[in-house]
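[1] here is my input, please return the structure:
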Amino acid sequence: MIQLGEWMTQDVVNLARVIQKDLAWNLMPMLADLMEENGFINMMTLKHLRRDTHLSFCYLVDGIVDLAEGKACPVELLPLPSSGLLARIE
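    A predicted model of the protein is given here:
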């Protein structure tokens, strides 16, 4: 089982929920900063949150919210605890 790690704080989850509900893509860089401050280390994912254009959804934001609600998250989202590589959650 993949451990979520300290990066998935209540603040991260709350911000992801706001972004998802309001389609507030302008807050994505803030989400990346918050995740990184809390120990998230996957640079490819952080870059996606900071730079990619979003129009109607983001699988990473959806995945964070789904994980927080105890749902399965079938997207590549989380870094492995020691390597920083992506891991598939199913």
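[2] ok, residue 42 - how many residues close by?
    Using other Cβ atoms under 10 Å as the criterion, residue 42 is surrounded by 21 other residues. Glycine gets a C-beta too; all of them are placed from N, C-alpha and C.
[3] what's the pLDDT at it?
    Reported pLDDT at residue 42 in the predicted model: 87.
[4] likewise for residue 82?
    Per-residue confidence (pLDDT) for residue 82: 40.
[5] in the longest helix seen in the chain, what's buried?
    In the chain, taking DSSP state H as the definition, the longest helix is helix 10-22. Using 16 or more other Cβ atoms under 10 Å as the test for burial, helix 10-22 gives 12, 15-16, 19-20.
[6] and it, how far from the chain's centre?
    Remark: helix 10-22 is offset 10 Å from the chain centroid, using Cα atoms, centre = their mean, to the nearest Å.
[7] name the residues of stretch 52-69 that are buried.
    Buried residues in stretch 52-69, defined by neighbour count with 16+ other Cβ under 10 Å: 54, 58, 60-68.
[8] out of these, list just those in helices.
    Secondary structure defined by DSSP H assigns 60-68 of the buried residues of stretch 52-69 to helices.
[9] just checking, residue 62 touches residue 20?
    Yes - in terms of Cβ atoms under 8 Å, residue 62 counts as a neighbour of residue 20; the distance is 6.5 Å.
[10] name the element residue 56 belongs to?
    For residue 56, there is no host helix or strand (DSSP states H and E).
[11] from residue 38, how far off is the residue nearest to it when sequence neighbours are not counted?
    Closest residue to residue 56 apart from its sequence neighbours, by Cβ to Cβ, 6 or more residues apart in numbering: residue 23 at 7.1 Å. In this structure, residue 23 and residue 38 are separated by 24 Å, where distance is defined by Cβ to Cβ, to the nearest Å.
[12] returning to that earlier point: what number of residues lie near the residue nearest to residue 56?
    The number of residues packed near residue 23 is 15, by other Cβ under 10 Å.
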